[in-house]
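> Return atomic coordinates for the entry below.
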Amino acid sequence: MNKILKKYVLTFMSAMLFSSGLLMVVPKAHASETNASDHITQRSQIAYQQALYADQVSNEGQVGIQGVKSKAVVKVGQLLRAGGDKVIDAARTFNIIDASTAKTFKNNSKKIGNWLKNFENAGKDAATMVRNQLPGFLRDNTKMGKGTAENISIAVSWAIRMADILFL
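Numbers count the residues shown, from 1 in each chain. Presented below is the predicted three-dimensional model:
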């Protein structure tokens, strides 16, 4: 089963890399047609979106969560609350974490899975938000060190991104 999963994921990742390489080669003819007013409009839209994003940040630097439910976060959270074996095995297979980090991850998987419920409505930014906030949560609520907490947050963020790709 593990070999089949690995072969499937590697095939999928290869196809994604190949297709993204093809898209980079295609010339963008419309880029030369952009005039100054379009540029100003785009800049003002970006400034507006940044202002909205800044309003979501609380005094403690934690991002407020609003938006569409992320199927990827829901699924990764369910897997972690169920023991986390599938997520941890996938992270080990792709060398995201080592054996000692995997053991610590396994021991804290239910706690992390329950914490991920806070990010189910984060939408497309969920992986980045989890990556930034999980190390602090782990250091505050467990006895693990900073490096281990960082590695586990990288693995959880990676799992959310991979699940997001599968649920497109």
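> only C-alpha atoms for contact and neighbour calcs from this point on.
OK.
> Break down this protein into its helices, ranges please.
2-25, 36-56, 71-81, 85-93, 99-107, 109-115, 126-141, 146-166 (DSSP state H).
> Which of those comes out lowest on mean pLDDT?
Note on those: lowest mean pLDDT is at helix 36-56, with a mean of 52.
> List the residues that contact Ala99.
With contacts defined as C-alpha atoms under 8 Å, 6 or more residues apart in numbering, the neighbours of Ala99 are Arg92.
> Quick check: it vs Ile165, distance?
Ala99 sits at a distance of 26 Å from Ile165 (criterion: C-alpha to C-alpha, to the nearest Å).
> for Lys143, same thing?
33 Å.
> Have a look at those two and say which one is more surrounded.
Ile165 (13 against 9; other C-alpha atoms under 10 Å).
> Can you give me every residue that contacts the nearest residue to Val130 once chain neighbours are set aside?
Of all residues not flanking Val130 in the chain, Ser157 sits nearest, at 6.2 Å (C-alpha to C-alpha, 6 or more residues apart in numbering). Ser157 is in contact with 127-128, 130-131, counting by C-alpha under 8 Å, 6+ apart.
> and with 10 Å instead?
Contacts here follow C-alpha atoms under 10 Å, 6 or more residues apart in numbering; on that basis Ser157 touches 73, 76, 126-132, 134, 151, 163.
> same thing with Thr101?
Counting by C-alpha under 10 Å, 6+ apart, Thr101 has contacts 88, 92, 107, 144, 147-149, 151-152, 155.
> So for stretch 140-151, first residue to last residue, what's the gap.
For stretch 140-151, the end-to-end distance is 16 Å (C-alpha to C-alpha).
> buried stuff in that stretch?
Neighbour-count burial for stretch 140-151 flags 144, 148-151 (criterion: 16 or more other C-alpha atoms under 10 Å).
> which two in those are spaced the farthest apart?
Met144 and Asn151 (11.0 Å; C-alpha to C-alpha).
> Before I go, just wanted to say thanks for your time.
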